[in-house]
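A.B. asks: kindly generate the corresponding structure for this input.
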Amino acid sequence: MPASLVVEARGVSRVFPMSAGPVTALRDVTLHVAAGEYVAIAGPSGCGKSTLLHLVGCVDTPSSGSILFEHRDVAALSEAARSRIRLTRIGFVFQRFFLLPMLTAAENIELPQAEAGVAPAARRARTRALLEYVELVDRADHLPSQLSGGEMQRIAIARALANNPVLLVADEPTGELDETTGEHIADLFDRVHADGTAILVVTHNPTLAIRASRRLAMKSGSLVA
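C.D. replies: You can find the predicted model right below:
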């Protein structure tokens with residue numbers, strides 16, 4: 001197993017209590033992502049992929065087993081410490097972008113830096129660099145409603161990279177895009193990976209999954225390959 005692990009799931013299960021009885025979303029999942037690695041998980045809707053991402057992303061904690069982020073047990077950390085990890089060590093990319101509609105593209109990228117305490121001049125410089133990185137400098141002052149789906153996802157990726165995370169977590173990042181636009185996003189993920197950021201992506205898209213250096217499959221809450 002790689003020595004430089006970013007995140008590790010050890011025998012993780014997640015059970016959600018429901019009025020009709022408990023629902024097991026994950027069953028005894030073991031997974032690791034090393035520094036700079038690109039891992040894709042494929043599987044049908046409802047198989048537990050997003051639940052696993054929430055655990056890996058320190059948004060949730062397991063019912064049993066453990067999640068270690070940079071060798072620290074996430075469940076043993078305070079909520080403030082987990083929040084700091086989410087803000088500064090992990091970047092999140094979602095299927096539906098989740099850009100704040102009242103902020104411009106540049107302001108969306110700048111917001112997580114402000115929350116992390118980055119000085120105004122430094123965050124403006126970082127935002128400009130990221131707009132150049134995703135080739136959308138000319139859209140800096142546009143609201144999300146003025147952007148195409150592909151442009152919104154590129155801004156969302158720039159936002160996810162704003163605080164130089166060690167891990168990019170992506171949940172169906174091409175799910176609402178046409179095939180050509182999805183290819184452009186896949187190309188951008190290749191570039192992020194080449195630049196040294198670890199990536200964990202869950203996807204239905206085989207064209208995106210094939211780009212990863214390691215591919216896994218999930219079925220009924222378990223990793224099967």
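
A.B. asks: name the nearest residue to the spatially most central residue of the chain, ignoring sequence neighbours.
C.D. replies: Centroid check for the chain by C-alpha atoms, centre = their mean gives Val169 as the closest residue, at 1.8 Å. Excluding the flanking residues, the one nearest Val169 by C-beta to C-beta, 6 or more residues apart in numbering is Gly57, at 4.7 Å. Glycine gets a C-beta too; all of them are placed from N, C-alpha and C.

A.B. asks: any idea how far the one you found lies from Ala129?
C.D. replies: Computed as C-beta to C-beta, to the nearest Å, the Gly57 to Ala129 distance reads 24 Å.

A.B. asks: may I have the phi/psi pair for the residue nearest to the centre of the chain?
C.D. replies: With angles defined as degrees, to the nearest 10, Val169 sits at phi -110, psi 120.

A.B. asks: for it, give me its contacts.
C.D. replies: 53, 56-57, 90-93, 199-201 (C-beta atoms under 8 Å, 6 or more residues apart in numbering).

A.B. asks: mind exporting the least confident helix or strand in the chain by mean pLDDT as PDB, just the C-alpha atoms?
C.D. replies: Lowest on mean pLDDT, DSSP states H and E among the helices and strands of the chain sits helix 206-209, with a mean of 85. C-alpha atoms of helix 206-209 as PDB (Å, rounded to 0.1, in the frame of the first residue of the first chain):
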ATOM      1  CA  PRO A 206     -17.000   5.400 -19.200                       C
ATOM      2  CA  THR A 207     -15.100   8.000 -21.300                       C
ATOM      3  CA  LEU A 208     -14.200   9.900 -18.100                       C
ATOM      4  CA  ALA A 209     -13.500   6.700 -16.000                       C
END
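
A.B. asks: hmm, who's touching the helix or strand following that helix?
C.D. replies: Sequence order places strand 214-219 as the next helix or strand after helix 206-209, per DSSP states H and E. The contact list for strand 214-219, computed with C-beta under 8 Å, 6+ apart, reads 31, 37-44, 47-49, 52, 202, 209, 223-225.

A.B. asks: which among those residues count as buried?
C.D. replies: Neighbour counting with 16 or more other C-beta atoms under 10 Å marks 31, 37-43, 47-49, 52, 202, 209, 223 as buried within the contacts of strand 214-219.
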